[in-house]
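Chemist: What would the 3D arrangement of this be:
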Amino acid sequence: MINIKDLFNIRIGNISPKNPIALAPVAGITDSKFASRFKNAGLVILGGYNLDDRTNKAALKEIARGRREFVSDEPMEFLRSELEATEGLTTIAINVRAAAIEPFIEAARITKEFDAILEINAHCRQPEMLELGVGEALLKDTPRLCDYIREIKKTGVVLSVKTRANVVNDVELARSIRNAGADIIHIDAMQTQNNMNAHGSMHIHNAVNTHMNTHSAIHTRGAIHKQGMDTGVIKRIRNSTDLFIIGNNSIVDFESAKEMFSHGADMVSVARAALSNPGTIDYLVDEVYSLQSLTGWYNAPKHICAGGDLRALAFCCLPVKPCALHSALKQAGISAEEFMRIKTDFARKTPIEYGEGTCFGSMTWCCKITKPCFLRDGVLEYTGLSDVEYMHIKKRLSEYILKHRKK
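Modeler: Reported below is the predicted structural model:
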């Protein structure tokens, strides 16, 4: 029987979060005291904390105009005290800002002492920070960001970079920070304003029309809020790198979390929903535990024909008819013949090699367990292979296929 601590088997360097639900950093709010109520989260990200005089002074200007920020006269002592206060709570990350590399290095050494994760804030877009070349400004100065990453990684700390989508070319950015040595990309998958405007008026109209029905109004308001989520960014980065992906933006319920997961996120982070209702984290943890227990692959991709990322090649049938599979194979740089050989080689001497009664004579070509199929399910029952075991094999198959991609 699988120990519940190993149910997800998440590994990021030497860090092993217990589940894929994270509390996102919110400046001026997510400190150790606030985080103490979220012990069930797999990851709690504290901050954003300012590491030097310049960022602390910029934060004071932000406070003067009504924003909440963390300010400290002794940033490293404060950082250490926050890590001490959260020790044993759950896996901890520290989201930080600095106007030069040296404070990042010092913070990385402290963070590593506590087996925590350091997160570079390349996300903040407050003008006081941008003037210093901090936060989102780093996205437009990729060489400097990558220099930071390379130097920080020399400390051995597990390193995340918090980014904002649709500011620069997200795939090129992700590849650059991966090549520089980062372990995690934490993506605020925010749509461009044009994309949001293209849909927003329809949702607002629906909200007005359904205001007399409480259930419908709540549902529609959720649609408005979720409209900011650009899952296409998650998919493109999943298809292009092996970075651990934390998806952020508009995670308000389990449906929105599953959208992130099914497009390639390894973890999702919750910000505003957790602020307005702290129980959101516990709810999401319960739901994802149930999904993992039932299916064995909580972030299994949608099928390729439904817009899934390249991991979904594990669920594709033989490439014998015109379909979206061929475009996916072209993107991966794998020919149809290679695809057939790769899947057949993997399946040999595994339980999915069998399946005489299925469409193509082997479960190698069968779809994900959440899609009903009496042919596949009949073979599973006959062979004694559980749904979870089947999906575990399919996950390994997806990893095997992607090792062979050429693009």
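Chemist: so how far is D31 from A108?
Modeler: For A108, the distance to D31 equals 20 Å [CB to CB, to the nearest Å]. In this view, the C-beta of every residue, glycine as well, is placed from N, C-alpha and C.
Chemist: Which one's more surrounded, these two?
Modeler: Taking other CB atoms under 10 Å, A108 and D31 do not tie; A108 has more neighbours (23 against 18).
Chemist: so where's the stretch 251-400 of the chain uncertain?
Modeler: The stretch 251-400 of the chain contains no residues with pLDDT under 70.
Chemist: Do a quick rundown of the strands in it.
Modeler: For the stretch 251-400 of the chain, the strands defined by DSSP state E, counting those that start in this stretch occupy 267-270.
Chemist: try the stretch 1-150 of the chain
Modeler: Secondary structure of the stretch 1-150 of the chain (DSSP E, counting those that start in this stretch): strands located at 21-23, 43-50, 91-97, 117-122.
Chemist: how about the most centrally placed residue in the chain, what does it touch?
Modeler: Among the residues of the chain, the one closest to the centroid is I246, at 2.2 Å (CA atoms, centre = their mean). By CB atoms under 8 Å, 6 or more residues apart in numbering, the contact set of I246 is A22, L43, S160, I184, I185, H186, I187, A265, D266, M267, V268, S269.
Chemist: Return the closest of those with respect to L402.
Modeler: Lowest distance from L402 to those (CB to CB) belongs to D266, with 14.1 Å.
Chemist: could you list every residue that touches that closest one?
Modeler: Counting by CB under 8 Å, 6+ apart, D266 touches I10, P20, F244, I245, I246, N299.
Chemist: Relative to S327, how far out is it?
Modeler: As judged by CB to CB, D266 and S327 stand 24 Å apart.
Chemist: Equivalent analysis for D141, please.
Modeler: Counting by CB to CB, the gap from D141 to S327 is 34 Å.
Chemist: likewise N299?
Modeler: Applying CB to CB to N299 and S327 gives a distance of 22 Å.
Chemist: Please say which of the two ends up with more neighbours.
Modeler: N299 (25 against 10).
Chemist: give the contact list for the more buried one.
Modeler: Neighbouring residues of N299 by CB under 8 Å, 6+ apart: P20, F261, S262, G264, A265, D266.
Chemist: list the contacts for the second one?
Modeler: When the contact criterion is CB under 8 Å, 6+ apart, the partners of F261 are P20, G247, V268, Y298, N299, A300.
Chemist: Let me know the helix or strand that the second one is in.
Modeler: Yep, that's G247 we're talking about. For G247, the host element (DSSP states H and E) is strand 244-248.
Chemist: That strand - what's its average pLDDT?
Modeler: The average pLDDT within strand 244-248 is 98.
Chemist: correct me, but Q126 touches G135?
Modeler: Yes: shown here, Q126 and G135 form a contact pair, counting by CB atoms under 8 Å, at 7.0 Å.
Chemist: burial of P143, as a residue count?
Modeler: Around P143 there are 9 other residues, counting by other CB under 10 Å.
Chemist: next one: C305
Modeler: With other CB under 10 Å as criterion, C305 counts 15.
Chemist: what residues are up against it?
Modeler: With CB under 8 Å, 6+ apart, C305 has these contacts: C323, A324, L325.
Chemist: What about those residues, which are in helices?
Modeler: Assigned to helices by DSSP state H, the following of the contacts of C305 qualify: A324, L325.
Chemist: Write a ChimeraX command that selects only the buried members of the contacts of C305.
Modeler: Selection of the buried residues among those in ChimeraX, burial being defined by 16 or more other CB atoms under 10 Å:
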select :325
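Chemist: Of the contacts of C305, which is the nearest to F315?
Modeler: F315 has its nearest neighbour among those in L325, at 10.0 Å by CB to CB.
Chemist: what residues go with each domain of the protein?
Modeler: For the chain, automatic domain parsing gives the domain ranges 4-191+228-295, 304-403.
Chemist: Of the ones you listed, flag the one that's most buried.
Modeler: domain 4-191+228-295 (a mean of 20; mean count of other CB atoms under 10 Å).
Chemist: That one: how far from the chain's middle?
Modeler: Domain 4-191+228-295 sits 10 Å away from the centroid of its parent chain (CA atoms, centre = their mean, to the nearest Å).
Chemist: Then stretch 394-407?
Modeler: Taking the mean C-alpha point of stretch 394-407 and that of its whole chain, the gap between them comes to 19 Å (CA atoms, centre = their mean).
Chemist: List the contacts of that stretch.
Modeler: With contacts defined as CB under 8 Å, 6+ apart, stretch 394-407 is touched by 296-297, 300-301, 310-315, 331-334, 338-339, 342-343, 346-347, 352, 364, 368.
Chemist: just checking, which of the residues you listed belong to helices?
Modeler: Short answer: these in helices (DSSP H) are Q331, A332, E338, F339, I342, K343, F346, A347.
Chemist: could you dump the strands of the stretch 1-150 of the chain to CSV with mean pLDDT?
Modeler: As requested, those are arranged in CSV below (pLDDT from 0 to 100):
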stretch, mean pLDDT
strand 21-23, 98
strand 43-50, 97
strand 91-97, 98
strand 117-122, 98
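Chemist: Ok, which of those comes nearest P278?
Modeler: strand 21-23 (9.4 Å).
Chemist: Contacts for the closest one, please.
Modeler: Contacts of strand 21-23 (CB under 8 Å, 6+ apart): 30, 35, 38, 40-45, 93, 246, 257, 267-271, 274, 281, 284-285, 288.
Chemist: partners of that strand, with directions?
Modeler: Here strand 21-23 has these sheet partners by DSSP bridges: strand 43-50 (parallel), strand 267-270 (parallel).
Chemist: Reformat those as TSV; add distance to Y400.
Modeler: Below are those laid out as TSV (distance: least, CB to CB, whole Å):
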stretch	distance to Y400
strand 43-50	28
strand 267-270	23
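Chemist: Of those, which is nearest C146?
Modeler: Between C146 and these, the tightest spacing by CB to CB is seen for strand 43-50, at 20.3 Å.
Chemist: Could I have the CA atoms of that closest one written out in PDB?
Modeler: Extracted in PDB, the C-alpha atoms of strand 43-50 (Å, rounded to 0.1, in the frame of the first residue of the first chain):
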ATOM      1  CA  LEU A  43       4.300  24.400  -0.600                       C
ATOM      2  CA  VAL A  44       4.000  27.800   1.100                       C
ATOM      3  CA  ILE A  45       5.800  30.600  -0.700                       C
ATOM      4  CA  LEU A  46       6.500  33.500   1.700                       C
ATOM      5  CA  GLY A  47       7.200  37.000   0.500                       C
ATOM      6  CA  GLY A  48       7.900  38.900  -1.600                       C
ATOM      7  CA  TYR A  49      10.700  40.000   0.700                       C
ATOM      8  CA  ASN A  50      13.100  42.900  -0.100                       C
END
